[in-house]
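[1] return atomic coordinates for the entry below.
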Amino acid sequence: MFEHTFAIVVYKDSEFLESCINSILNQTIKSKLLICTSTPTDFNKSISIKYNIDFIVNPNGNNGIGSDWNFALQQVKTKFSTIAHQDDLYEKEFTEIVVNKIKRNEEKSLIVFTNYFEIIKNKKRSFSILIFIKTLLLAPFLIEPIIHCKFLKKISLSFGDPICCPSVTFNLQNLSNFNFSEKYHFILDWDAWFKLAKENGSFIYVNKKLMLHRIHEKSETSKLIESGIRIEEEQTMLRMIWGNKLGVFLSFFYKFGYLGNKK
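    Numbering: from 1, shown residues only. Coordinates of the predicted model:
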């Protein structure tokens, strides 16, 4: 019986999808695997058949990332789940380490998340300006990797989002009313973590680089940076936390974080 599910959220066709699937199939302990999409194509359907993976189509259509992520979590029947992005990779110990960590804190844990590499042109990158900033924001978790205190959870998220979404494993037993906002394109995960930080329960950080987050010009993140949507939404989040003037001021420094991620 599986305890954990990888729900791979697929948008149209990705040349990296099979690599993502193989990294999951090569884990040291096995998980249930789903492909969820609102944009079914012959290509991604054929991949699901090739690897004998359940292929589930979101009946709400292409209503944005939040709709796709919420739909994916709704399909999960196991206690724990990770939303995998179609371009990313997982180190073979990811599931074993994360599931063991969350099971030791099963009654109180909300999410477990790990450190990560970036992949640029098929090469690992362990340092960038953005990674450095996120490491600073994770300072409370570097001191105490399991945080129950609402204040400490919120303070780590008050200046930005240091949590890499595809590294997050959800303890669904303790998240019965959880969902991502469907009005955002980029900050929906930051918004979700900040709301969860106000709830009783722990955030657990695994300070090991157990996944590889791919950055490329066709990725949704790159498109949101180029369109200006990312900075607009980050300003929205910072204004909600800090107020209008200070929120806009803090968002100015975010632009420097993108420099290290230019193609």
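
[2] quick check: closest non-adjacent residue to the residue most central in space within the chain.
    Geometric centre of the chain, nearest residue: residue 165, 1.2 Å, by CA atoms, centre = their mean. Setting aside the residues directly before and after it, residue 165 is nearest to residue 189 in space (CB to CB, 6 or more residues apart in numbering), at 4.2 Å. Using the backbone N, CA and C atoms, a C-beta is placed for each residue, glycine as well.

[3] report how many residues lie close to that neighbour.
    Look at residue 189: counted by other CB atoms under 10 Å, it has 21 neighbours.

[4] equivalent analysis for residue 167, please.
    Residue 167 - counted by other CB under 10 Å - has 25 other residues nearby.

[5] residues in contact with it?
    Going by CB atoms under 8 Å, 6 or more residues apart in numbering, residue 167 touches 82, 113-116, 210-211, 213.

[6] please redo it, this time with the cut-off set to 7 Å
    113-114, 116, 210-211 (CB atoms under 7 Å, 6 or more residues apart in numbering).

[7] give me the mean pLDDT for the longest strand seen in the chain.
    Taking DSSP state E as the criterion, the chain has its longest strand at strand 202-215. In this model, strand 202-215 carries a mean pLDDT of 95.

[8] just checking, which helix or strand of the chain averages the lowest pLDDT?
    The least trusted helix or strand in the chain, going by mean pLDDT, DSSP states H and E, turns out to be helix 220-227, with a mean of 54.

[9] does the nearest residue to residue 138 once chain neighbours are set aside belong to a helix, a strand or coil?
    Once flanking residues are discounted, residue 138 sits nearest to residue 162: 4.7 Å by CB to CB, 6+ apart. Recorded secondary structure, residue 162: coil (DSSP: H, G, I helix; E, B strand; the rest coil).

[10] for the stretch 51-200 of the chain, what spans make up the helices?
    For the stretch 51-200 of the chain, helices defined by DSSP state H, counting those that start in this stretch occupy the ranges 65-74, 94-104, 129-137, 139-143, 150-155, 188-197.

[11] just list what the last one packs against, helices and strands only.
    Counting contacts by 3 or more CB pairs under 7 Å, 6 or more residues apart in numbering; DSSP states H and E, helix 188-197 is packed against helix 150-155.

[12] hmm, residue 23 and residue 88 touching each other?
    No: judged on CB atoms under 7 Å, residue 88 makes no contact with residue 23 at a distance of 8.2 Å.

[13] what score does residue 233 have for pLDDT?
    Residue 233 is given a pLDDT of 87.

[14] in terms of helices and strands, where is it?
    helix 229-242 (DSSP states H and E).

[15] rewinding a little: more crowded one of residue 88 and residue 23?
    Set residue 88 next to residue 23 and count neighbours by other CB under 10 Å: residue 88 wins out with 23 against 19.

[16] that one and residue 158, how far apart?
    26 Å (CB to CB, to the nearest Å).

[17] contact partners for the closest residue to residue 44 other than its chain neighbours?
    Excluding the flanking residues, the one nearest residue 44 by CB to CB, 6+ apart is residue 10, at 5.1 Å. Going by CB under 7 Å, 6+ apart, residue 10 touches 17, 35-37, 44, 86.

[18] how about 8 Å then?
    Per CB under 8 Å, 6+ apart, neighbours of residue 10: 17, 35-37, 39, 44, 86.

[19] and these, which are buried?
    The neighbour count (16 or more other CB atoms under 10 Å) marks 17, 35-37, 44, 86 as buried among these.

[20] okay, and which of those map to strands?
    Per DSSP E, the subset of the buried ones among the contacts of residue 10 in strands is 35-37.

[21] distance to residue 60 for those residues - can I get that in CSV?
    Converted to CSV, those look like this (distance: CB to CB, whole Å):
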residue, distance to residue 60
35, 16
36, 11
37, 12
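
[22] ok, those vs residue 244, which is closest?
    residue 36 (37.2 Å; CB to CB).

[23] beta partners of the closest one?
    residue 9, residue 56 (DSSP bridges).

[24] hmm, back to that, and the residue nearest to residue 138, how far from residue 127?
    15 Å.

[25] who has more neighbours out of the two?
    Neighbours were tallied for residue 162 and for residue 127 using other CB under 10 Å; the higher tally belongs to residue 162 (23 against 11).

[26] good, we can wrap up now.
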